[in-house]
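Engineer: Got a sequence here, can you build the structure:
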Amino acid sequence: MKPNYKKGRSGPGGIQAKHSLGQNFLTNAALLETLIDDSGVGPEDHILEVGPGGGDMTRLLASRCKTVTAVELDRDLIPILRVVMERAENFTLIQGDILRVNIPEIMAGKSPFHVVANIPYYLTTDLMTLLLRGNLPIRSINLMVQKEAAQRVLAAPSTPEYGPLAVRAQYYTQPRLARIVEAACFTPPPKVDSAFLCMPWRERPAVSVADEARFFKVVNAAFALRRKTLCNNLISAFHLDRDQAADWLARAGLPENIRGEALDLQQFADLSNAWDE
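Structural biologist: Numbering: from 1, shown residues only. Predicted structure coming up:
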């Protein structure tokens, strides 16, 4: 299939941004330096960069960090990156899809590592889900995302944005909004402003759970159907009758009519742990 280019919107090296790949390039060196400052990475750190584009941030990361491994999907950008980074001996370039790349393999000998990325909006949820599985030696995740996506990561209980992504992100990391980046800073400018999220990995999860797999199953069940009570969602997800589900909620100190989006991380942990009782 022929790439879908956005006419007249040149990116790095004069190449036109591909709308089909969600490309919006950041080239302002001062802004990029500030974003790297926000991420807190330094001379002893290994970096996994997703979507390096024309290498504007990549060059700065390589000058400030121990190693940079960049994964770029767009084959047309590979020659540009090779030229831009030809003198950087601490740089490794991988052409491929970050969702299919074997991350432990490409980061072998470079762990733990930090993720730094200006990613296409369409990739946000899938990439965060991949990185927030808890099975990678990550020290921090630093992502440029759509402002709306940042709100979903930072969301509090009983808000419209609150969901499984917020719980997972806040369970493993300490997410904060580093700064809002206006659409005009990008080439081509997207239709909405962006947000730079910094998510340092916790030394231990935010709450103690006996079984992480069950904890996240409870979380996913809670948000499966927002119009239903948590009790009804547990009945469906765990194949319980109403008395069993109500008893489970009672053991966790929760009322039968509570909705899943009202629970904070500790309440989700209490509910998950109460299963064993």
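Engineer: The longest strand seen in the chain: partners in the sheet, and parallel or antiparallel?
Structural biologist: The longest strand of the chain (DSSP state E) is strand 138-146. In the sheet, strand 138-146 lines up against strand 113-118 (parallel), strand 194-200 (antiparallel) (DSSP bridges).
Engineer: in this protein, which spans are helices?
Structural biologist: For the chain, helices defined by DSSP state H occupy the ranges 29-39, 56-64, 78-84, 103-106, 124-131, 147-154, 164-172, 212-222, 230-238, 242-251, 265-274.
Engineer: Tell me which of those helices lies nearest to Phe113.
Structural biologist: helix 103-106 (9.0 Å; CB to CB). In short, each C-beta sits where N, CA and C put it, glycine included.
Engineer: Which positions in that closest one come out as buried?
Structural biologist: Within helix 103-106, the residues that qualify as buried by neighbour count (16 or more other CB atoms under 10 Å) are Ile103.
Engineer: Leu143 against His114, yeah?
Structural biologist: No: contact criterion CB atoms under 8 Å: Leu143 and His114 do not qualify, at 11.2 Å.
Engineer: Show me which of those two is the more surrounded one.
Structural biologist: Leu143 (26 against 23; other CB atoms under 10 Å).
Engineer: Tell me the spacing between the more buried one and Leu165.
Structural biologist: Going from Leu143 to Leu165 by CB to CB, to the nearest Å gives 12 Å.
Engineer: can you list residues touching both of those two?
Structural biologist: Common contacts of Leu143 and Leu165 (CB atoms under 8 Å, 6 or more residues apart in numbering): Met128.
Engineer: Sketch out the low-pLDDT regions of the stretch 151-277 of the chain for me.
Structural biologist: 277 (pLDDT under 70).
Engineer: State the pLDDT value of Gly13.
Structural biologist: On pLDDT, Gly13 comes in at 50.
Engineer: so how far is Ile106 from the residue lying farthest from the centre of the chain?
Structural biologist: In the chain, the residue that sits farthest from the middle, by CA atoms, centre = their mean, is Asp243; the gap is 38.0 Å. To Ile106, Asp243 is 51 Å away according to CB to CB.
Engineer: Likewise for Phe113?
Structural biologist: 10 Å.
Engineer: can you list residues touching both of the two?
Structural biologist: Joint contacts of Phe113 and Ile106 (CB under 8 Å, 6+ apart) are 48, 69.
Engineer: Export the strands paired with strand 138-146 as TSV, with columns for distance to Pro137.
Structural biologist: Shown next, in TSV, are these (distance: least, CB to CB, whole Å):
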stretch	distance to Pro137
strand 113-118	7
strand 194-200	14
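Engineer: deepest of those, which one?
Structural biologist: Stretch with highest mean neighbour count among the strands paired with strand 138-146: strand 113-118 (a mean of 25; mean count of other CB atoms under 10 Å).
Engineer: Please enumerate residues in contact with it?
Structural biologist: Contacts of strand 113-118 (CB under 8 Å, 6+ apart): 24-26, 35-36, 39, 41, 45-51, 53, 57, 61, 69, 107, 127, 131, 137-144.
Engineer: what does stretch 198-209 give?
Structural biologist: By CB under 8 Å, 6+ apart, stretch 198-209 touches 38-40, 134, 138-143, 153, 169-176, 178, 212, 215, 265-266, 268-269, 272-273.
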